[in-house]
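Enquirer: Using only what follows, build the 3D model:
(6 chains)
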There are 6 protein chains.
Amino acid sequence: MPIIHVEMYAGRTADQKRALVKALTDAFVTTAGGSPQSVQVVLRDVEKSDWATGGMLGSDKT
Amino acid sequence: MPIIHVEMYAGRTADQKRALVKALTDAFVTTAGGSPQSVQVVLRDVEKSDWATGGMLGSDKT
Amino acid sequence: MPIIHVEMYAGRTADQKRALVKALTDAFVTTAGGSPQSVQVVLRDVEKSDWATGGMLGSDKT
Amino acid sequence: MPIIHVEMYAGRTADQKRALVKALTDAFVTTAGGSPQSVQVVLRDVEKSDWATGGMLGSDKT
Amino acid sequence: MPIIHVEMYAGRTADQKRALVKALTDAFVTTAGGSPQSVQVVLRDVEKSDWATGGMLGSDKT
Amino acid sequence: MPIIHVEMYAGRTADQKRALVKALTDAFVTTAGGSPQSVQVVLRDVEKSDWATGGMLGSDKT
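Expert: Model prediction:
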C-alpha cells in the first residue's frame, strides 16, 4: 500500500533505476514494515530546465 | 475546486482518456457533490520503466 | 497499479468517502481497463484556509 | 526546504520558466520567510490532452 | 488551470498564508500569463517530524 | 535535489520514521548517486479511512 514517489534529475540509466526501486523498497520494508509486494515506487525524471533552487533553474547553473 | 490526479501506465488512447476524465468527474459529483465545472482531472502517463511494485520495475516483469 | 489522488475541501462524511472511492475505481476500470483490485485511491482533505483560487483563500470567501 | 510544484499547460518558453521560478521563490521568501536558497521549484508541463475541467479534456475545447 | 502545490514547515500564520497565496498567484500571472482566477494554490503544512534532509528529520536537528 | 515523497498508513513511531528517512536517503545515494545532503524525504501519514484499494476503504477491511 505504501507509495513512494521520487523526483530526480533525468539521466539515470535503466540499471540505476532498477537498483534504486529495489533499494527503496527494501529500505521501506526493513524500517517501516509491511511486505515488499505492497510497496509501489513511481519515478519521475525532471529536466534541469524544470527544476530550480534559489530561484535559478538547474539548466542555468554552471 | 476538487483536483483529481491519475497516474497510470502509458498507452491509453485519446478516446479512453476522454471517457476516463468524464467518468471520474461524474463519479466525484455524484458521490461527493459540487459542480462538474469545478472538478479538474490531471492525467500522468508513467512508463513501465518508471514504476515498480515489489521492488521490480514493470518493464522487467514478463 | 493506477493511483488516483483526490484533493477536496474537508467535510465529506465517511459514507460519502466510501461511495466516492467505489465510484472512482469503477470509473477507472470501465473506461481505462484493469482490475478494480489494482486501483488505489488516496484522499486528502484540504482546509479552506489552505486552498486559494484567484489568490484568495477559500476561508476568506463569503 | 519549502517545495513548490507547478502544473501548467505546456508551451511556456525557457525565458518564461526562468522568470516564473524566480518570481515564485521571491513570493515565498517575502511572505513566508526563509532563504531563497532553501526554496525548490519543480515545474511540470501538462498537455491539453491530459488535463480536464468539467469532464472535458483541454484538447477538446475550442 | 495552473495548480501550485506548496509544502512547507507548519507554523505560518493565517496572515502569512493569505499573503503567500496572493503573491504566488501574482507571480504566476505576471511571468507565465493567464488570469488570476484560473490559478489554484494548495498549501500543505508538514511537521518537522515528517521532513528530512540528509537523512535526518527536521525534528532531530538543533 | 532529489525529492522522495512517501505515503503510508498512519501509525509508525518516531523511531521508525527516523530509521525510514535514513534508509531511503542511503538507498538513493548508493544506487542513483548524489550527496545525502541533497536528498529530501517528505512523509505523509494517511488514515485508513482515506485510502482505498479495490474500491474499498482500508477502514472497511477486516
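Enquirer: Every contact and neighbour count from this point should use C-alpha atoms.
Expert: Fine.
Enquirer: State the distance from the residue positioned nearest the centre of chain A to chain F.
Expert: For chain A, the residue nearest the mean C-alpha position is A:Val6 (2.8 Å; C-alpha atoms, centre = their mean). For A:Val6, the distance to chain F equals 5 Å [C-alpha to the nearest C-alpha, to the nearest Å].
Enquirer: just A:Arg12 next, same as before
Expert: Distance from A:Arg12 to chain F, by C-alpha to the nearest C-alpha: 7 Å.
Enquirer: who in chain A is up against chain F?
Expert: Residues of chain A lying close to chain F (C-alpha under 8 Å from any C-alpha of the partner chain) are A:1-9, A:12, A:16-17, A:19-20, A:23-24, A:27-28, A:31-32.
Enquirer: The same query, at a cut-off of 6 Å, please.
Expert: For chain A, the residues in contact with chain F (C-alpha under 6 Å from any C-alpha of the partner chain) are A:2-8, A:16, A:19-20, A:23-24, A:27, A:31-32.
Enquirer: These in strands, which ones?
Expert: Among those, the residues falling in strands (DSSP state E) are A:Ile3, A:Ile4, A:His5, A:Val6, A:Glu7, A:Met8.
Enquirer: pLDDT value on the residue nearest to the centre of chain A, please?
Expert: A:Val6 is assigned a predicted lDDT (pLDDT) of 98.
Enquirer: can you tell me which residues contact it?
Expert: By C-alpha atoms under 6 Å, 6 or more residues apart in numbering or on different chains, the residues touching A:Val6 are A:Leu43, F:Ile3, F:Ile4.
Enquirer: Which two among the ones in strands among the residues of chain A next to chain F are spaced furthest apart?
Expert: For those, the farthest-apart pair by C-alpha to C-alpha is A:Ile3 and A:Met8; their separation is 16.3 Å.
Enquirer: is it fair to say A:Arg12 lies in a helix?
Expert: No - with DSSP: H, G, I helix; E, B strand; the rest coil as the criterion, A:Arg12 is coil rather than part of a helix.
Enquirer: Do you know the pLDDT at the residue lying closest to it once chain neighbours are set aside?
Expert: What sits nearest to A:Arg12 in space, not counting adjacent residues and going by C-alpha to C-alpha, 6 or more residues apart in numbering or on different chains, is F:Ala32, at 6.9 Å. Looking at F:Ala32, its pLDDT stands at 98.
Enquirer: Tell me how many other residues crowd A:Ile4.
Expert: 25 (other C-alpha atoms under 10 Å in any protein chain shown).
Enquirer: thinking again about what came up before, out of the ones in strands among the residues of chain A next to chain F, who's nearest A:Ser38?
Expert: For these, the nearest to A:Ser38 is A:Ile3 (8.7 Å; C-alpha to C-alpha).
Enquirer: Tell me where chain A has helices.
Expert: For chain A, applying DSSP state H gives helices covering A:14-32.
Enquirer: low pLDDT regions in chain A?
Expert: For chain A, no stretch has pLDDT under 70.
Enquirer: same thing but at 90, please
Expert: A:1, A:62 (pLDDT under 90).
Enquirer: List, one by one, the residues from it near chain D.
Expert: A:Asp50, A:Trp51, A:Ala52, A:Thr53, A:Gly54, A:Gly55.
Enquirer: Looking at these, which are in strands?
Expert: Going by DSSP E, the strands hold A:Trp51, A:Ala52, A:Thr53 from the residues of chain A next to chain D.
Enquirer: okay, now the first one: neighbour count?
Expert: Residues within reach of A:Trp51, counting by other C-alpha under 10 Å, total 25.
Enquirer: now it, nearest residue through space, not along the chain?
Expert: Using C-alpha to C-alpha, 6+ apart and skipping the chain neighbours, the partner closest in space to A:Trp51 is D:Val42 (4.6 Å).
Enquirer: contacting residues for the one you found?
Expert: Applying C-alpha under 6 Å, 6+ apart, we find D:Val42 in contact with A:Asp50, A:Trp51, D:His5.
Enquirer: That one and A:Lys48, how far apart?
Expert: 9 Å (C-alpha to C-alpha, to the nearest Å).
Enquirer: before we move on, what about A:Met1?
Expert: Taken as C-alpha to C-alpha, the span from A:Met1 to A:Lys48 is 31 Å.
Enquirer: can you check A:Phe28 too?
Expert: 28 Å.
Enquirer: Quick check on those two: which one has the bigger neighbour count.
Expert: Counted by other C-alpha under 10 Å, A:Phe28 and A:Lys48 do not tie: A:Phe28 has more neighbours, with 25 against 17.
Enquirer: re the thing from before, could I get the ones in strands among the residues of chain A next to chain D in JSON lines, plus columns for distance to E:Pro36?
Expert: Listed next are these as JSON lines, based on distance: C-alpha to C-alpha, whole Å:
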{"residue": "A:Trp51", "distance to E:Pro36": "23"}
{"residue": "A:Ala52", "distance to E:Pro36": "23"}
{"residue": "A:Thr53", "distance to E:Pro36": "25"}
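Enquirer: How about the contacts made by the nearest residue to A:Val39 once chain neighbours are set aside?
Expert: Distance criterion C-alpha to C-alpha, 6+ apart; nearest residue to A:Val39, sequence neighbours excluded, is A:Pro2 at 5.1 Å. Taking C-alpha under 6 Å, 6+ apart, we find A:Pro2 in contact with A:Val39, F:Glu7, F:Met8.
Enquirer: quick one: which of these has the most company?
Expert: Busiest of those [other C-alpha under 10 Å] is A:Val39, holding 22 neighbours.
Enquirer: which residues touch that one?
Expert: A:Met1, A:Pro2, B:Thr53, B:Gly54.
Enquirer: ok, the third one touching A:Pro36?
Expert: I take that to be B:Thr53. No - B:Thr53 is beyond contact range of A:Pro36, at 7.6 Å (criterion: C-alpha atoms under 6 Å).
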